[in-house]
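[1] Make a model of this:
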Amino acid sequence: MTQNIIHIFVWLRVIGDTIFSVGALALGWFILGLKTGWSLTDQPLPYADDNLQKT
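    Numbering: from 1, shown residues only. Below you'll find the predicted structure:
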């Protein structure tokens, strides 16, 4: 466990852990926005009316 290759793998793992953490925080931020309502708008999506008129 004290070999140089093990230390390299430990430090290389930091890159993946950082990317995973940023993704988890972004997902949590998005869910928090949905739960509190500040990420929702009262305006309809621009393409939502097009589908309703065609049917």
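[2] Only C-alpha atoms from now on, for both contacts and neighbour counts.
    Fine.
[3] what ranges of this structure fall below the confidence cut-off?
    Low-confidence segments of the chain, defined by pLDDT under 70: 1, 39-40, 44-55.
[4] The helix ranked longest in it: how far from the chain's middle?
    When the chain is parsed with DSSP state H, its longest helix is helix 4-36. From the chain centre to the centre of helix 4-36 is a distance of 10 Å (Cα atoms, centre = their mean, to the nearest Å).
[5] For it, buried residues please.
    Using 16 or more other Cα atoms under 10 Å as the burial criterion, none of the residues of helix 4-36 qualify.
[6] Which of the three states applies to residue 2?
    coil (DSSP: H, G, I helix; E, B strand; the rest coil).
[7] Give me the neighbour count for it.
    Applying other Cα atoms under 10 Å, we find 6 residues neighbouring residue 2.
[8] picking up where we left off before, which other helices and strands contact the longest helix of the chain?
    The contact analysis (3 or more Cα pairs under 8 Å, 6 or more residues apart in numbering; DSSP states H and E) places helix 4-36 against no helix or strand.
[9] Distance-wise, check residue 3 relative to residue 16.
    When distances are taken as Cα to Cα, to the nearest Å, residue 3 and residue 16 turn out to be 21 Å apart.
[10] what's the answer for residue 8, then?
    Shown here: residue 8 relative to residue 16, a distance of 13 Å by Cα to Cα.
[11] likewise residue 27?
    Remark: distance between residue 27 and residue 16 (Cα to Cα) = 17 Å.
[12] Also residue 31?
    23 Å.
[13] do the same with residue 24
    From residue 24 over to residue 16 the distance is 12 Å, taken as Cα to Cα.
[14] go on, residue 29?
    For residue 29, the distance to residue 16 equals 20 Å [Cα to Cα].
[15] Equivalent analysis for residue 36, please.
    Distance, residue 36 to residue 16, by Cα to Cα: 30 Å.
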